[in-house]
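Novice: Here is the input, now give the coordinates:
(chains A and B)
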Protein chains: 2
Amino acid sequence: MSNPLVNARIRAIPPTVPFVGPEALTRKTGHQFKARIGANESVFGPSPAAIAVMQNAAAQNWMYADPESFELRTAIARHLGFGADNVVIGEGIDGLLGLTLHIVLSPGETVVTSDGAYPTFNFHVAMHSGRLVKVPYRNDKEDLAALLDTAKREKARVLYVSNPDNPMGSWWPASEIERLMEGVPEDMLLILDEAYGDTAPEGTLPAVDVTRANVLRYRTFSKAYGLAGARVGYCFGPAQLIAEFEKVRNHYGINRVGQLGALAALQDQAYLKKAVADIARARGRIADIARANGLEPLASATNFVAIDCGRDSVYAKRILDGVLARDVFIRMPGVAPLSRCIRVSCGTDADLDRFAQALAASLANPSGA
Amino acid sequence: MSNPLVNARIRAIPPTVPFVGPEALTRKTGHQFKARIGANESVFGPSPAAIAVMQNAAAQNWMYADPESFELRTAIARHLGFGADNVVIGEGIDGLLGLTLHIVLSPGETVVTSDGAYPTFNFHVAMHSGRLVKVPYRNDKEDLAALLDTAKREKARVLYVSNPDNPMGSWWPASEIERLMEGVPEDMLLILDEAYGDTAPEGTLPAVDVTRANVLRYRTFSKAYGLAGARVGYCFGPAQLIAEFEKVRNHYGINRVGQLGALAALQDQAYLKKAVADIARARGRIADIARANGLEPLASATNFVAIDCGRDSVYAKRILDGVLARDVFIRMPGVAPLSRCIRVSCGTDADLDRFAQALAASLANPSGA
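Specialist: Residues are numbered from 1 along each chain as shown, chains lettered A, B, ... in the order given. Model (predicted):
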């Protein structure tokens, strides 16, 4: 039944199946997860300095955060070597992707992305009535050449690329991304999602260059910085385009505790380095667990590992369900052929011990207890 | 210079002057405010139980919050006597107002509001390319009859009313709001902003009735609950319309610490009662201070008091600037004739002592030291 109060664009969007959280799975199934390694959060947590700042900020949470996020923007700008007017803070990269499309896209215009890449980006395209064109992954990587060719041919307004990518964890060297940047026409925006940039090998992230008029890059405190709950991401690029966010963002949308925590986390680069090392070690363990069970781990530059289960998505889903039934929260890619994999976020040793047991048991008897 | 990447709708929006925060004023003027009573925050803070919950949540901030906000929605639903599917959580009422317009408004459609009412609502209308029609206040209150007449005549898609209102602090009894609800045509949405409902006299808020298909009501933890920094507001109404938010909201947009803090605050109604009493007492003191200085305080149902300075906006602005120059952060309405007033949020006794001194000094010598 259509509601006369809902406009035609929104009526045309089918009821949404959101990214189901572990809490909803628990409510649905009754399973209390004993390992939470499905949402690419960082179990290693944020810097102790950030925790202390957030604890101290709790009693001050009667105050709005600075709506200009001045200190955080200034610190990011200094960290990356540009001006504070080259960066905007948002409620995670998700929030910023939505704002970007609001600014750039007109209804019906084309957006190109990889088939099976970040579903929340596609959700935002739908919300802004874009036409989504998807390019298959190639060898489990986003296919940069085909993405650019398709975007040009389809006269796309926006091209979305993530590097490293989610859900496969693959990555391109900076030189390939720079070549892509060079090729994007000036009336097309390249959205470069670098949510997982902090965990990537050196040489993955292109040098920061905010003079490119049609490139916006997105980073977050949700992954390696261990602050997914804080909802603080940022977007940087040319000041002229960044200024447009002022017209559409929720100026008072950033929470005070998260904003202060993110600043403290940024200022503790030593902790970040340690967290990245912990993440790398956990990636290695996940890979070992996969191999020990006869499965193939994919190389990863992120805080998760995609494990090729060797058959189709039906089979992978059975393994996934078996792992979930054993109280270990993991996820899997949604689109074939990526969906032959399960996706396991880095965990503590205890988390990965549980995962190892659950995976072996699931392979032996997927249906659970 | 127009950017070819920015769509025509956003290009048409003039560069925005956001609601300037006290931090920005401090950066601009060098004044360190000694009383922060300008943003209608609650200096009385949140419940100690909520503070404890938020402190404990800091170390867990590596986890996303439940994107369905299930526990908070369930608690609100129980508190107000409807179902969890009648309520959606957002990044403050601001965030929810934007989403509402995204769902309901088509570009060029008309929105009616009061001239001088909440500027951020108007900002959202601009962002969604609405046509804004403003109705003057009448006797310092939103003019319900004129608002409805205008909305009907202009075939508005949306009518915005706040009760109690900001920036004047005035209010209508529930019976008048109910009469308004009855009169709104079925293809027009009534947005009823009740941000200040918790501090209003009994009989101000209409009974909760989620069967009205074209009424959405908005409340927040930012005001009486003392959690402005948490960015948690909610919107309730008919389930069919509430469900549309799932298509457009940032599902992972709510921060974990704030979401847990809001739940704890809701569960401490005894503290809320105490905070509301503290707010009422502070309102009385602000009124006394105004009168002692020969100015007229307006009756208020909110956590602030508008003080009529007795002349025009130029005069009120001089008094405002004099108070700011004496390190007391307050604000003033932006539109005549409301802008003959200054607006003072409830403060602690120490805050109001400072305000009393600053006001007297400003009246004697507005230009400052």
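
Novice: So which bits of stretch A:201-219 are buried?
Specialist: In terms of neighbour count (16 or more other CB atoms under 10 Å in any protein chain shown), stretch A:201-219 has its buried residues at A:Thr204, A:Leu205, A:Pro206, A:Val210, A:Arg212, A:Asn214, A:Val215, A:Leu216, A:Arg217, A:Tyr218, A:Arg219. C-betas here are computed from N, CA, C, even on glycine.

Novice: Save the residues you listed as JSON lines, and put in distance to chain B and pLDDT too.
Specialist: JSON lines is the format used below for these (distance: CB to the nearest CB, whole Å; pLDDT from 0 to 100):
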{"residue": "A:Thr204", "distance to chain B": "23", "pLDDT": "98"}
{"residue": "A:Leu205", "distance to chain B": "23", "pLDDT": "98"}
{"residue": "A:Pro206", "distance to chain B": "19", "pLDDT": "98"}
{"residue": "A:Val210", "distance to chain B": "14", "pLDDT": "97"}
{"residue": "A:Arg212", "distance to chain B": "11", "pLDDT": "97"}
{"residue": "A:Asn214", "distance to chain B": "6", "pLDDT": "98"}
{"residue": "A:Val215", "distance to chain B": "10", "pLDDT": "98"}
{"residue": "A:Leu216", "distance to chain B": "9", "pLDDT": "98"}
{"residue": "A:Arg217", "distance to chain B": "15", "pLDDT": "98"}
{"residue": "A:Tyr218", "distance to chain B": "14", "pLDDT": "98"}
{"residue": "A:Arg219", "distance to chain B": "16", "pLDDT": "98"}
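
Novice: Name the nearest of those relative to A:Asn7.
Specialist: Relative to A:Asn7, the closest of the buried residues of stretch A:201-219 is A:Leu216; by CB to CB it sits at 27.3 Å.

Novice: That closest one belongs to a strand?
Specialist: Yes. In this structure, A:Leu216 lies within a strand as judged by DSSP: H, G, I helix; E, B strand; the rest coil.

Novice: re earlier: so which pair among the buried residues of stretch A:201-219 is furthest apart in space?
Specialist: A:Thr204 and A:Asn214 (21.2 Å).

Novice: Okay, buried residues for stretch A:254-272 please.
Specialist: A:254-268, A:271-272.

Novice: er, stretch A:294-307 I mean
Specialist: A:Leu295, A:Pro297, A:Leu298, A:Ser300, A:Ala301, A:Thr302, A:Asn303, A:Phe304, A:Val305, A:Ala306, A:Ile307.

Novice: Any part of it near chain B?
Specialist: No. Counting by CB under 8 Å from any CB of the partner chain, chain B has no neighbours in stretch A:294-307; the shortest distance is 10.9 Å.

Novice: what about that stretch, how long is it end to end?
Specialist: One end of stretch A:294-307 sits 10 Å from the other (CA to CA, to the nearest Å).

Novice: so how far is it from its chain's centroid?
Specialist: Centre-to-centre, stretch A:294-307 and its host chain are 16 Å apart (CA atoms, centre = their mean, to the nearest Å).

Novice: Ok, stretch A:355-367 next?
Specialist: The answer for stretch A:355-367 is 27 Å, by CA atoms, centre = their mean.

Novice: buried stuff in it?
Specialist: In stretch A:355-367, counting by 16+ other CB under 10 Å, buried: A:Phe355, A:Ala356, A:Ala358, A:Leu359, A:Ala361, A:Ser362, A:Leu363, A:Pro366.

Novice: Of these, which pair is most distant in space?
Specialist: Longest span within the buried residues of stretch A:355-367, CB to CB: A:Ala356 and A:Pro366, 16.0 Å.

Novice: before we move on, the earlier item: cross-check the buried residues of stretch A:254-272 against chain B and keep the overlap.
Specialist: A:Ile254, A:Asn255, A:Arg256, A:Val257, A:Gly258, A:Gly261.

Novice: now, which of those lie within helices?
Specialist: Using DSSP state H, the subset of these located in helices is A:Arg256, A:Val257, A:Gly258, A:Gly261.

Novice: Touching, the first one and B:Ser222? I think so.
Specialist: No. In this structure A:Arg256 lies outside contact range of B:Ser222 using CB atoms under 8 Å: 11.0 Å.
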